[in-house]
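[1] Here's my sequence, what's the structure:
(chains A and B)
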Number of protein chains: 2
Amino acid sequence: MNNKNETMLIDFYEFTMANGYFNSELKDKIVYFDLSFRRVPDNGGYAIFAGLESIINYIENIKFSQEDLEYLKSYNLFSDEFINYLEDFKFTGDIYSVKEGTVIFPNEPVLTVRANIVQAQILETFLLLSFNHQSLIATKASRIKNAAKGRTVLEMGARRAHGISSANSGSRAAYIAGIDATSNTLASCLYGIPCSGTMAHSWIQMFESEEEAFRVYAKTYPNNTTLLVDTYDTLRSGIPNAIKVIKEELLPKGIKDFAVRIDSGDLTYLSKESRKMLDEAGLTNCKIVVSNALDEILIETLLNQGAPIDIFGVGERLVTAKSNPVFGGVYKLAAIEENEKIIPKIKISDNPVKITTPHFKKLYRIYDKETNKAKADLITIYDEVYDEKEPLTIFDPVHTWKTKTFESYILKDLKLPIYKNGKLVYKLPTIKEIREHTKNELNHLWDEMLRFENPHKYYVDLSQKLWTTKIELLKKMNKNSSI
Amino acid sequence: MNNKNETMLIDFYEFTMANGYFNSELKDKIVYFDLSFRRVPDNGGYAIFAGLESIINYIENIKFSQEDLEYLKSYNLFSDEFINYLEDFKFTGDIYSVKEGTVIFPNEPVLTVRANIVQAQILETFLLLSFNHQSLIATKASRIKNAAKGRTVLEMGARRAHGISSANSGSRAAYIAGIDATSNTLASCLYGIPCSGTMAHSWIQMFESEEEAFRVYAKTYPNNTTLLVDTYDTLRSGIPNAIKVIKEELLPKGIKDFAVRIDSGDLTYLSKESRKMLDEAGLTNCKIVVSNALDEILIETLLNQGAPIDIFGVGERLVTAKSNPVFGGVYKLAAIEENEKIIPKIKISDNPVKITTPHFKKLYRIYDKETNKAKADLITIYDEVYDEKEPLTIFDPVHTWKTKTFESYILKDLKLPIYKNGKLVYKLPTIKEIREHTKNELNHLWDEMLRFENPHKYYVDLSQKLWTTKIELLKKMNKNSSI
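    Modelled structure (predicted):
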């Protein structure tokens, strides 16, 4: 509704810093920033990377309008030269990133920006926003789809989303992570996600009786009939009326695909009793859809209790990632260039989890050649070379005596060039390709990593050279801690 | 970035229902839908209504494009007449609503749509989305601002927001609820919210030393200096360097307004020690800003421990309403018109909290004439008349023997006409007016309602006539429960 583009979705401190650099000798300094995250939401075993397409769209369309520039000028903080620079702003750096839909782990450099410091700061807010939101929802959706054990899952959270783009990008992230369809027509239309929806309780209330409401619906949409059976009383009214209407309106037309939806009450009990009644009426092919504040934990419990559910409708707990709505991605300086040499930079902290891993880095995944399963990730300095014919020994970066040696393995470089000198060099995959990639990614994981409770912890190790660089910088920092 | 407007942000089932009604004799049926919510997030004592401006913008700009219509046609579910109707869609009904920034309570009809059933369904998704998201953030922000006890609070959550509109509408909702400024330049520019921001840790890392980083900043922005002091060691390095630079760069210029920011570590301990060091150096006017996963509970604890903090920066826990990220607003059919008479409708449920209150209703707030404090809300049938000169007795709708009589009171009708016959009849207040309104609203509440733990429960009662209508409908429903 707003003609304003999103260029200005930038934290104000990016501008104060960028202008400060611009007017200093650091203006053209080339830097490396890493995008990473610190903890898997819900203490899960893995996360799904998403948001890259939004980031690319942002960079391709970045344009400060005259109004934006006037607005910035009004603060009397920025030099005219800087404002002029923004007027013609164009990203001219490099970006390397893992593909959307890739399984990622804490503290990995999943996306790296190499650019001058001014540009690197200007991009920060939008990169983080896109990565944090979409990876959050994709990760949650993946858990939910896993819990459903192959059953269909519908995303229907638009009404509880955190605004328009939460609904739209949320639907997209859920779809690439395996959710089967959305209720959100705009997201469906924008991204090519299958759309689904039939009736609300208001439909039932509008008619003289539940039976009439069902009948009008079944006549109008014989090929898209899901009857909402819990408005009055699921087992005494809803299911009997559904059976009657299906038998009278759909079976005579030869239609075999229909469903009932239960949106309240005890879903295990009601689905079991409904299944019995439907089967006794000969409607063994009638599917049962359930909804009502579902998430992966509730779905797992329902299925463990033997609830004969075919389709799950998931709303607010998916679209807001209710149990853990913050992804916690960060964007940290890892290196700078000086005389064409890359100088690693570290950020220290009292809290070891907040200490960054310095340098321009590569991210490798090690696959077992026989099982094709991912065994560990290895972060290396950008120019280290490995030979898959040689055994590869990795070690835990904290408990360094813990080592592991691979003899028969495949090493995959996970980050691809996305931008080179400001030019987009990456062909964006279709949403279906991303979804397929996510599915493949999950196939490479051990089941133990998919468990919700205390999942197997995946190894993310540093190469010997990188580890040594980090430790040496830490020692140096500690010595100079009153600099 | 997307030229598509948001008209299609509509759950698909609104279309299937709307087309079903459109092609039935219910097509022109006038209905009343209420927007309400069921539970205050975080078990708080009140919520803040927000989202009305977005709802109005949506309705004013609703326009199905040819692409939208082609997309809908592709489902082969909708009649040509319905598609043609959408092509010229215009809202022609009435809307009544409480003002943005109004304090609201569970189960109150805070916004009512009177329209034909087709239009009433088409609006549902966007109304809920706007109401749920923005009221959620406004309510959370109000709690956080209360906890800060008059101190400045900055919203800086854009990077952890759930997409673009979560960042923008979230900043706006936070501001109307009392937050003082945002880090999000786009929200600032769009809505006229003060913007703030100075430096990140990367600024410090980019210079040879912390002192140099501080010095360059203070020289560049003498009137906007907040020095981030926790990059290396807050007390051994950050504060001493800040003192040195402030004394050498700012005091000689006669500048008295500057601050330090602590973003990690124990904020009570570090703020106390920093305050001592700053005071001993004569910088008693140097403000202390803190940030790092703050929310109302942490802020209350810090202040209870005597932390000498002047300004709080609040990010992810505000913009995602982390502790309770779902508002739970619903949109329910309350009445239909038949032969120009209003027929109340109820939705029953096994779960009493999900039973709706039927009829076209007014929402009154009862103020004590002496203290000017809000005493209770009263929901009545739309045409009930009260005389403030007469005593008013209200009763608890569940425990009906609990009554309360007011002698000296003021009765305020909280809902205003927003649309009449599709015409916007409401003059939108400015954001500053809304913010002022929210502030006034909170002044009418007892302190006991602002408490985070077990706040005083505010009375929301039904008039005798409305209560009787509801009970009679429930009895009738129960009798016919196998309809």
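[2] Chain A - how does it break down into domains?
    What the record gives for chain A is the domain set A:12-138+A:327-479, A:139-319, from automatic domain parsing.
[3] ok, which residues in the stretch 201-350 of chain A are in contact with chain B?
    Of all the residues in the stretch 201-350 of chain A, those in contact range of chain B (C-beta under 8 Å from any C-beta of the partner chain) are A:201-203, A:205-207, A:209-211, A:216-217, A:220-221, A:224, A:231-233, A:236-237, A:240, A:264-265, A:316-317, A:320-322, A:325-329, A:332-333, A:336, A:345, A:347-350. Just so you know, the C-beta spots here come from the backbone N, C-alpha and C atoms, and that holds for glycine as well.
[4] and with 7 Å instead?
    With the criterion set to C-beta under 7 Å from any C-beta of the partner chain, the stretch 201-350 of chain A comes near chain B through A:201-203, A:205-206, A:209-210, A:216-217, A:220-221, A:224, A:231-233, A:236-237, A:264-265, A:316, A:320, A:322, A:325-326, A:333, A:345, A:347-350.
[5] if we can go back for a sec, if you compare the domains of chain A, which one is most tucked away?
    With neighbours taken as mean count of other C-beta atoms under 10 Å in any protein chain shown, those reach their highest mean count in domain A:139-319, at a mean of 22.
[6] Let me know the average pLDDT across that domain.
    Confidence over domain A:139-319 (mean pLDDT, whole number) is 97.
[7] Please name the nearest non-neighbouring residue to A:His360.
    For residue A:360 the amino acid is Phe, not His. Beyond its immediate neighbours in the sequence, the residue positioned closest to A:Phe360 (C-beta to C-beta, 6 or more residues apart in numbering or on different chains) is A:Tyr382, lying 4.3 Å away.
[8] Make sure that neighbour is actually in contact with A:Lys361.
    Yes. Under the contact definition of C-beta atoms under 7 Å, A:Tyr382 touches A:Lys361, with a separation of 6.1 Å.
[9] now A:Glu60, what's its secondary structure?
    Secondary structure assignment for A:Glu60 (DSSP: H, G, I helix; E, B strand; the rest coil): helix.
[10] Toward the C-terminus, what is the element adjacent to the longest helix along chain A?
    When every helix of chain A is counted residue by residue (DSSP state H), the longest turns out to be helix A:117-147. Moving toward the C-terminus from helix A:117-147, the next helix or strand (DSSP states H and E) is strand A:152-155.
[11] What is that following strand packed up against?
    strand A:311-314 (3 or more C-beta pairs under 7 Å, 6 or more residues apart in numbering or on different chains; DSSP states H and E).
[12] Check what contacts the strand it packs on and list those residues.
    Where contact means C-beta atoms under 7 Å, 6 or more residues apart in numbering or on different chains, the residues beyond strand A:311-314 that reach it are A:144, A:148, A:151-156, A:259, A:287, A:289-291, A:294, A:299.
[13] change it to 8 Å
    The contact list for strand A:311-314 (C-beta atoms under 8 Å, 6 or more residues apart in numbering or on different chains) reads A:144, A:148, A:151-157, A:179, A:259, A:261, A:287-291, A:294-295, A:299.
[14] can you tell me the helix or strand for A:Tyr331?
    Under the assignment given by DSSP H and E, the secondary-structure element containing A:Tyr331 is strand A:329-338.
[15] how big is the angle separating that strand from helix A:117-147?
    For strand A:329-338 against helix A:117-147, the angle between stretch directions is 140 degrees (axes from the mean of the first three to the mean of the last three C-alpha atoms, to 10 degrees).
[16] can you give me the strands for the stretch 201-350 of chain A?
    Using DSSP state E, counting those that start in this stretch, the strands of the stretch 201-350 of chain A run over residues A:226-228, A:259-262, A:287-291, A:311-314, A:329-338, A:341-344.
[17] With that, I have no additional questions.
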